[in-house]
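[1] no FASTA, just this:
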DNA sequence: CTTGGAAAGTCAACAAGGCTGACTTAATAT
DNA sequence: ATATTAAGTCAGCCTTGTTGACTTTCCAAG
């Protein structure tokens, strides 16, 4: 497969071995990425699915259920189970839409925002430490590769979130 | 771009907003990362857990169950369920250790290697495409940040795998 | 104004893949 | 001899994903 064709020296980063290392790096790094929030969630009797919902509601306050469904890529039934507990526990508020009353707009309550802060503080701390030790140029490369790895629809969501700070 | 010295402008990549974008990039990219293998596994009635076992047995042929356990970070019972089906289906071979007969050494059979190839071809294709579109320097940064994000023990496993090609 | 379809929510049932705890067997190490 | 280790197993539980069927509410188009 790696025949060493014309101009192959410049493509050494595309060897199967390099790609395999990239795959393993993703695997091991993702474990670290989720480790801190997972520990915190244990104390609150929530799981990763709750974290994801909280994260994106925080990022896009007032988002609809349908939009959240599309971002998270799960079924309505699956999200609803998680969302119901968050609403019942008073972490998320669901307001009937004004323009379209079929829609529900989702917001974090004060308690929800507090948990979001706790979770994202931990996750950002690890990310900050990794960014700092790798340096700004590495971070730019990191972001470029990750974005190129996304499915188009996910990349759309990712870039849409840029503005909605 | 990166102004020399630990000034303040040079740390703009460490803002909360930048870190949040990094977190979301990890989330969306990981989805893409697993999407292709997931589709293939469906046709074989296997899941992501089987993929992980196959991947690391392929990477370290003859590895013991205990070592695999430590790499995957799951319980013995959880791994065993997956391993048993792979052995029963003739994708993995379990050989009694010669030096220590308590140990079992794991190997892919020809059929196991075939599935591994099918899975990793798909995953590498995506990784290759992302690498190519981002370029060699971005890839280096990508790897640096991911490695810095790992827990120390996972980093140890990651680097140990470098040699065992 | 009726009707079709969209958004949300719910119930039931199921599967994958984590977990704990308890226990066995075989073999090594002390 | 005994303790420990590696592997494997059984049972049961939890989270989080899935399908499928169905309801309620509401908007929009005929």
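    On my side now, so go ahead. Keep in mind it's a predicted model, so treat the numbers as computed, not measured.
[2] could you list every residue that touches the residue most central in space within chain A?
    Note on chain A: the residue nearest the mean C-alpha position is residue A:52, at 6.7 Å, using CA atoms, centre = their mean. Contacts for residue A:52 (CB atoms under 8 Å, 6 or more residues apart in numbering or on different chains) come out as A:72, B:27. No exception for glycine: its C-beta is placed from N, CA and C like everyone else's.
[3] Is it in a helix, a strand, or coil?
    Of the three states, residue A:52 takes helix under DSSP: H, G, I helix; E, B strand; the rest coil.
[4] What's the separation between it and residue B:55?
    25 Å (CB to CB, to the nearest Å).
[5] What of residue A:10?
    For residue A:10, the distance to residue B:55 equals 28 Å [CB to CB].
[6] Between those two, point out the one with more neighbours.
    Neighbours were counted for residue A:10 and for residue B:55 using other CB atoms under 10 Å in any protein chain shown; residue B:55 has more, 21 against 9.
[7] Name the residues of the helix or strand hosting the more buried one that are buried.
    Using DSSP states H and E, the secondary-structure element containing residue B:55 is helix B:48-59. In terms of neighbour count (16 or more other CB atoms under 10 Å in any protein chain shown), helix B:48-59 has its buried residues at B:49-59.
[8] if you average pLDDT over it, what comes out?
    For helix B:48-59, mean pLDDT is 98.
[9] quick one: the strands in chain A?
    Along chain A, counting by DSSP state E, strands occupy A:63-64, A:92-96, A:104-108.
[10] for those strands, which one sits closest to DNA strand D?
    Closest to DNA strand D of the strands of chain A, according to CB to the nearest atom of the strand: strand A:92-96, at 6.8 Å.
[11] And DNA strand C, is the closest one touching that?
    Yes: using CB under 7 Å from any atom of the strand, a contact is recorded between strand A:92-96 and DNA strand C, made by residue A:94.
[12] Each with direction, which strands does that strand pair with?
    strand A:104-108 (antiparallel) (DSSP bridges).
[13] Can you name the residues of chain A sitting close to DNA strand D?
    Residues of chain A lying close to DNA strand D by CB under 7 Å from any atom of the strand are A:45-50, A:73-75, A:77-79, A:81-82, A:96, A:100-102.
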